[in-house]
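Peer 1: below: sequence and its predicted model.
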Amino acid sequence: MISKPVIAILGPTACGKTRRGVALARSIGGEIISADSRQVYRGMDVGTGKDLSEYGDVPYHLIDVAEAGHRYNLYEYLRDARKALHDIESRGVQPVIVGGTGMYLENLLKGTELPEVPENEELRRSLKGKSIEELTEILAATKQLHNTTDVDTAQRAIRAIEIETYYAEHPEEARKALAPEPVPAVIIGLDVPREDRRRMITERMRRRFDSENMLAEVERLIASGVKPEDLIYYGLEYKYLTLHVIGELSRSEMEEQLETAIHQFAKRQMTWFRGMERRGFNIHWLPYDMDDEDFLESVRALVKDAEC
């Protein structure tokens with residue numbers, strides 16, 4: 001049980017969450033817990049925007065905890081993040097959760113506990129070869145679909161069906177997952193006007209190509225033995241750059257499709273965060289370009305109010 005509010009900083013991609021989170025953690029002697037579904041992978045640095053140089057002496061958790069090629073999932077994230085939360089609090093330090101993966105962040109703050117669902121080989125064989133549409137229909141018969149995350153690939157859809165089947169066969173585990181103990185939190189959202197968000201996404205993509213050599217990172221990952229299909233699974237930069245490297249997209253096609261996909265991704269992130277508000281989470285939206293000291297003072301005031 002977490003005894004005092006944690007601080008969470010969320011927002012769409014490219015809005016400066018890492019910089020804000022690190023500055024806050026440094027000012028209060030806190031430690032960062034990442035809530036980013038791709039920064040967990042070692043060697044995937046440029047495309048995930050780890051910006052590790054920004055952390056300096058600020059400790060961080062849930063970054064570089066899995067090998068590229070592994071398919072880290074929500075169960076693993078909640079297990080590892082909860083362990084980090086308790087470790088940080090046990091030392092009297094303030095946790096600062098930073099990230100844009102709404103599913104990870106919401107379930108962590110909601111207190112969701114998931115059982116370790118084993119693979120069901122018989123079920124997987126029965127689902128093999130079915131289309132996304134067929135798998136979506138099967139999954140929709142077992143649960144209400146609030147988003148498309150579970151069905152954006154056949155592999156994820158099959159895993160989601162596998163989990164729901166396990167819950168149906170183990171109702172006691174399902175009850176535990178459906179009765180979470182929320183984590184008290186002060187949630188800060190970085191509010192970015194749409195046009196500013198689009199501009200920053202484009203500028204960051206160009207910077208990653210021109211000075212940070214994102215393409216070389218993907219080529220290095222493939223050369224190290226990571227399968228192209230695994231990189232494609234991670235989506236966005238890794239999907240489109242891999243398709244270019246293996247010859248399925250030209251350079252111009254890759255850049256155009258990637259930029260479109262990132263804009264669409266940012267829009268989905270904001271849709272998720274607005275959904276969190278409808279589901280009862282109080283997000284305090286602050287301007288993304290707020291003066292640094294004003295931002296820190298605003299967060300401190302919100303935390304103080306929450307602790308009273």
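Peer 2: Structure's in. What do you need?
Peer 1: what is the burial count for Glu229?
Peer 2: 11 (other C-beta atoms under 10 Å). Just so you know, the C-beta spots here come from the backbone N, C-alpha and C atoms, and that holds for glycine as well.
Peer 1: any figure for the gap between it and Thr153?
Peer 2: Plainly put, Glu229 is 10 Å away from Thr153 if you go by C-beta to C-beta, to the nearest Å.
Peer 1: and for His170?
Peer 2: For His170, the distance to Thr153 - C-beta to C-beta - is 25 Å.
Peer 1: likewise Met205?
Peer 2: Taking C-beta to C-beta, one finds Met205 at 23 Å from Thr153.
Peer 1: of the two, which one has the most company?
Peer 2: In this view Met205 and Thr153 are compared by other C-beta under 10 Å, and Met205 has more residues nearby, 18 against 14.
Peer 1: the more buried one contacts Gln257, correct?
Peer 2: No - using C-beta atoms under 8 Å, Met205 is not in contact with Gln257; the gap is 11.7 Å.
Peer 1: please enumerate the strands of the chain.
Peer 2: In the chain, the segments counted as strands under DSSP state E are 6-10, 31-34, 41-42, 60-61, 66-67, 95-98, 185-191, 283-287.
Peer 1: who does the first one pair up with?
Peer 2: The pairing partners recorded for strand 6-10 under DSSP bridges are strand 95-98 (parallel), strand 185-191 (parallel).
Peer 1: the closest residue to Gly111 other than its chain neighbours - how many residues pack around it?
Peer 2: Nearest in space to Gly111, with sequence neighbours left out and distances taken as C-beta to C-beta, 6 or more residues apart in numbering, is Pro180 at 3.6 Å. Close neighbours of Pro180, defined as other C-beta under 10 Å, add up to 16.
Peer 1: likewise His61?
Peer 2: 18.
Peer 1: ok, and the closest non-adjacent residue to it?
Peer 2: Ala84 (4.1 Å).
Peer 1: who touches that neighbour in this structure?
Peer 2: Counting by C-beta atoms under 8 Å, 6 or more residues apart in numbering, Ala84 makes contact with 33, 61-62, 95.
Peer 1: between those residues, which is nearest Glu212?
Peer 2: Glu212 lies nearest to Leu62 out of these, by C-beta to C-beta, at 22.1 Å.
Peer 1: isn't that closest one right next to Ile33, touching?
Peer 2: Yes - if you go by C-beta under 8 Å, Leu62 and Ile33 touch, sitting 5.6 Å apart.
Peer 1: shared neighbours of the two, which are they?
Peer 2: Common neighbours of Leu62 and Ile33, using C-beta under 8 Å, 6+ apart, are 81, 84.
Peer 1: neighbour-wise, which of these two wins?
Peer 2: Shown here are Leu62 and Ile33; by other C-beta under 10 Å, Ile33 has more neighbours (28 against 24).
Peer 1: mind listing the residues bridging to the more buried one?
Peer 2: Beta-bridge partners recorded for Ile33 (DSSP bridges): His61, Ile97.
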